[in-house]
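Student: return a 3D structure for these sequence lines:
(chains A, B and C)
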Amino acid sequence: MLLQQLINGITLGATYALATVGFSLVYGVLELANFANGAFYILGAYFAMVLYASMGMNFAVSLALALAGTGILGAAMDAGLLRPIRSKGGTRTSMMISTLGVGTAITNLIIVLFGSETKRFPDAFGGKRLEFASAVVTYKQLFTILLCIVVMVVLSILVYRTKLGRAMRAISQNPVAARLMGIDTNTVILLTFFIGTMCAALSGTVVSMYLGSLDTTMYSSVNIKMFASAILGGVGSLPGAVLGGMILGMLETFVSGYISTAYKDVFSFAILILVLLFRPAGLLGQRTIKKV
Amino acid sequence: MIRKLISLWAKYEKWVTLVLVALAVLFPVISGFNRYVVNIGVMAGIYAILTLSLNMMTGYTGVVTLGHAAFYGLGAYAAGILNWRLGLNVPLTFIAAMVVSGLFGLLLGLTTLQLSGRYLTIVTLSFCEIIRILLINLEWLTRGPLGITNIKKANLFGFVFNTATKNYYLVLAMVLLSVFIVHRVMNSRTGRAIIALKNDETAASSMSVNVFAYKLRAFCISSAIAGLAGALYAHYIGYIDPNSFGFTQSIQILSMGILGGLGNIFGSIFGAVSLSVLPELLRSIGLEDFRQVIYGVLLALLVLIRPMGIFGKINLRHRRLQDSLQLAGEGEEAEA
Amino acid sequence: MKKILAAILIAAMILSLAACGGNSTPSTTKADGTTQAASKDDIKLASIAPITGNLAQHGVSIQNAVNLRLKQYNEAGGYQGRKVVVDFYDDQGTAAEAVNVANKIVDGNYIACVGPYTSACGLAIGSLFGEENITLYAVSASHEDFAKQNDMCTTQCAPQSRSREFECDWLWDEGYRKVAYLYLNDDTGNAAQNWFSKFWTAKGGELVLSESFLADQKDFSAVMTKIVSSGVEVISSYANYASAITIIQQARDLGYKGLIVFGGNAQQQEVIDVCGEAAEGVKFISQFSNDYPTEGVKAFVESYEKEYGRKPTQVDYQAYEATNHILQVLDELGPDDTKAIGEKIHNNPKSHSLYGDYPYVNGVPQFPLPIVQIKDGVYCTYK
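Tutor: Numbering: from 1, shown residues only, chains lettered A, B, ... in the order given. Predicted coordinates:
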């Protein structure tokens, strides 16, 4: 059973990590908690489901279109609602509330349009699986884990080895100076949202396939895990997002498997509290604690 | 035109307040004691108390808290548990609710006021979630996800608040009490100093004001007030469960504060009343389905168009000063 | 520009506050979106349902079923030529909203109220209806305490004690001895687990393990692994259908070949649609089966399918049956004494239900409990 639980834990961790990276990316660059992330997570999943399950398109194509579509919406949110706030000297709080509004509106629009029933998300791998010794791994589980690693790697390369990434890091340290140095902050921020939103949409789609179904309650369940993973690993840190997600996923799985499902949340949040008390920046976050 | 109205309001502030209070007191009569309408009034009042406490907490720390519903829930559960287990009622349950919430406020304040604003927001969120998980899992105390049912109506020395109208007046009294407390704390000399200096720690500490202590005090008082609202809710609705006090509720309260304008007592009440009435309005024109969608759109547009909230920029004291200075001397029109 | 917008917002708010003090009309939208105004002669029925929110599809079921039954009744002549019309109220599935709409309903001259959907909401408003002597006819409240609140509270769902005892008897008779119980951690789920464990162990069966989960839990792999490796023959679960879907899939993914049986309201078309092959052979302890061999059920299924293009679910049936019962009592006693109507519904020695003539005792129906299974991709009666 241990091997199987290990696989379960890594997969669950990967789903949490994927949901969190988009959020951490935006937070890392802008210090902005993007509450619309959860909405884009579901939107991406529904988008992909409509294309793939209802219209029967090829899975890869559906995924690509869903990502692009949601990404554009995320960028539109920035351009239309957040940028004007920035240019008027608005506070981060205002922008955060704005994303909250967008998130609420999108999620509930989905409920109105699609209904609250659970919808089917077919397995693109047709239920194929690997069976060995005492455990079973389905192809879709492998896909989830692999994707998590790929996204991590791609984003890291982006942030640490490209010009765009340098610009992002510059903005995260000092937006005013960045602009003075000639960086087109608005475009970089737009792209940050585009990429972050795509990550959210990707993880929503992948998780829906892993669970075989999707419905509108995904929003609330993912939001909390996302914040917890981000805080645990260090808000604004990409490796932190993955680490946080993995720890949360493994912890939940092992507590459920060996103690009882009822306590899984308690353990997770106990760890969270400990981290907050002793390392508030998160496990991999920068230590910029201000002492009063 | 608006300028003139606001100046008028500033000049006759005391009279305007009196009229509004009178309207509030007469509200049940005006509505013909219609149970449905008065019920909305009760809930609006409870939310007004919550928004006022949020207002105070944000005004002092400068950080928007996303976990305010936790204090609401703690108060509700304190009252609910005492009533269910020990049969206690008002005023003991109210006091207990305030004490419990206040203590947790102290706890939260001690841990988070040390942090920079960067993490505060998200930390308040996880605080709310932690409280919710505690409520769900401490089943021997809270009955977990089953919630606590059959909480008795408020019973003050034999007088039972068993109708919507009676509860309305109880809540109204608590609203007035909250306004009084918040006003006193925020408008005291130290209070105004803290608020003015909240973004400049160096200046504040150089004025030998113990900033931290005052911020902590504000934290406790505001969470205690939120707890009071919770106790009111518990006795009135009679049923509480952990899921009523989570993220969604926190956002609801926050929206009310933002709408009315944080930093303004009148604004807080206005925001609470408006957003309690809005869903019912939507219901009457058949748009309930879109209620939450409209909510979200409203929020996004609001911070875009008027981020300080409807009454946020209005400071009547300043306006009075401005107007009197204008009368005294020459001068160009100051921007509203 | 900014100021004008702000001024408009303020004016709108003030106007709305004033308007609210007057009369507010309830939403009388039917499932297809059209509104109907009640004329003077009509008899009014109220209904509380989760029209918006996460339980919205059940709200739709309730609306469909009530509307259908009323349509049939009115077309057959109504009550001495008078039509019965319904006003739906959205409780969003939360207790606070239920209290809000309940306040509106009790002052509204309704003969009875169908709903709410959840036990929690029912418990929050039961006493109000009791005081005002108006029937509160819950559609699927299986909480033991619901119907015990007062004589006005009746439910169309067998209480947990009865359903679980029935289930245990059946499992034992089929020869099963080792069971794992997986239940939703809410009031009804907990009640279900308590009763199941009590009856099962009393018979001498082995309850290998009992695990709870929260409604928003999506990943059961850890629990499933534990269950599957413990070698049970039966997984009995009290779950809503969304969780049921995940439970079935993950159990089968892990190679579990044994029996899966559900209590609660898990019996929805989506289970078949989403799970496909994996759902074959899954059974449900139910209140309703599509092909139960009575004329009443057959007629209901046919008319529902004709009207709405799909087969009815358990919730559809319960709402339909509730309305049916109310109308029967209306025919017997007339619309004027709501207290008498409520008391008769609560204790009706002979009601003509879709299953035949069965009584209601203390607000609880004493109907047969069909066991439904998924066979060849459709729901059919197993027993």
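Student: tell me where the chain has strands.
Tutor: In the absence of a named chain, this looks at chain A. Counting by DSSP state E, one finds strands in chain A at the ranges A:119-120, A:129-132, A:135-138, A:213-214.
Student: the intended chain is chain B.
Tutor: All strands of chain B, identified by DSSP E, fall at B:155-156, B:159-160.
Student: just name the most buried of these.
Tutor: Among the strands of chain B, ranked by average contacts under mean count of other C-beta atoms under 10 Å in any protein chain shown, first place goes to strand B:155-156 (a mean of 14). Quick note: C-beta positions are derived from backbone N, CA and C, even for glycine.
Student: mind listing the strands that strand pairs with, and their directions?
Tutor: strand B:159-160 (antiparallel) (DSSP bridges).
Student: what mean pLDDT does the partner strand get?
Tutor: Strand B:159-160 carries an average pLDDT of 84.
Student: and for stretch B:309-326?
Tutor: Rounded mean pLDDT across stretch B:309-326 is 74.
Student: pLDDT below threshold where in the chain?
Tutor: Here I'm looking at chain A. Within chain A, the segments meeting pLDDT under 70 span A:127, A:286-292.
Student: meant chain B actually
Tutor: In the predicted model of chain B, residues B:60-61, B:63, B:114-119, B:190, B:193-209, B:286-289, B:313, B:328-336 satisfy pLDDT under 70.
Student: point to the residue nearest the middle of it.
Tutor: Taking C-alpha atoms, centre = their mean, the centroid of chain B lies closest to residue B:51, which sits 1.9 Å from it.
Student: same check on chain C?
Tutor: residue C:140 (3.0 Å).
Student: doesn't that one lie inside a helix?
Tutor: No: using DSSP: H, G, I helix; E, B strand; the rest coil, the assignment for residue C:140 is coil, not a helix.
Student: how close does it sit to residue C:365?
Tutor: Going from residue C:140 to residue C:365 by C-beta to C-beta, to the nearest Å gives 12 Å.
Student: give me phi/psi at the residue nearest to the centre of chain C?
Tutor: phi -140, psi 30 (degrees, to the nearest 10).
Student: got it, and the one 10 residues further on?
Tutor: With angles defined as degrees, to the nearest 10, residue C:150 sits at phi -170, psi -180.
Student: wait, it touches residue C:128, no?
Tutor: No: counting by C-beta atoms under 8 Å, residue C:128 is not a contact partner of residue C:150; they are 10.1 Å apart.
Student: quick one: neighbours of residue B:211, just the number.
Tutor: 20 (other C-beta atoms under 10 Å in any protein chain shown).
Student: repeat for residue B:101
Tutor: 31.
Student: just residue B:82 next, same as before
Tutor: Close neighbours of residue B:82, defined as other C-beta under 10 Å, add up to 21.
Student: if we can go back for a sec, any common contacting residues for residue C:140 and residue C:365?
Tutor: Taking C-beta atoms under 8 Å, 6 or more residues apart in numbering or on different chains as the contact rule, residue C:140 and residue C:365 both touch C:155, C:156, C:157.
Student: which parts of the longest helix along chain A are buried?
Tutor: What stands out as the longest helix in chain A, according to DSSP state H, is helix A:2-30. By neighbour count with 16 or more other C-beta atoms under 10 Å in any protein chain shown, helix A:2-30 contains the buried residues A:4-5, A:7-30.
Student: swap in stretch A:214-227?
Tutor: Result for stretch A:214-227 [16+ other C-beta under 10 Å]: buried residues A:214-227.
Student: what's that stretch in contact with?
Tutor: By C-beta under 8 Å, 6+ apart, the list of residues contacting stretch A:214-227 reads A:16, A:19-20, A:23, A:35, A:37-39, A:41-42, A:45-46, A:49, A:107, A:110-111, A:114, A:116-119, A:121, A:204, A:207-208, A:245, A:248, B:122, B:125-126, B:129, B:247-248, C:54, C:215-218, C:242.
Student: picking up where we left off before, the longest helix of chain A close to chain C?
Tutor: Yes: using C-beta under 8 Å from any C-beta of the partner chain, helix A:2-30 reaches chain C at A:4, A:5, A:8, A:9, A:11, A:12, A:15.
Student: the second one and residue A:257 touch, don't they?
Tutor: Yes: checked against C-beta under 8 Å, the pair residue A:5 and residue A:257 is within contact range at 4.5 Å.
Student: A strand includes residue C:47, no?
Tutor: Yes: residue state for residue C:47 (three-state DSSP) corresponds to a strand.
Student: and the gap between it and chain B?
Tutor: 14 Å (C-beta to the nearest C-beta, to the nearest Å).
Student: ditto for residue C:171
Tutor: Distance from residue C:171 to chain B, by C-beta to the nearest C-beta: 26 Å.
Student: skipping adjacent residues, who's closest to that residue in space?
Tutor: The spatially closest residue to residue C:171, leaving aside those adjacent along the chain, is residue C:234, at 6.3 Å (C-beta to C-beta, 6 or more residues apart in numbering or on different chains).
Student: and that neighbour, what are its bridge partners?
Tutor: Beta-bridge partners of residue C:234, counted by DSSP bridges, are residue C:179, residue C:259.
Student: so what's it up against?
Tutor: Residue C:234 is in contact with C:171, C:176, C:178, C:179, C:180, C:258, C:259, C:260, C:261, counting by C-beta under 8 Å, 6+ apart.
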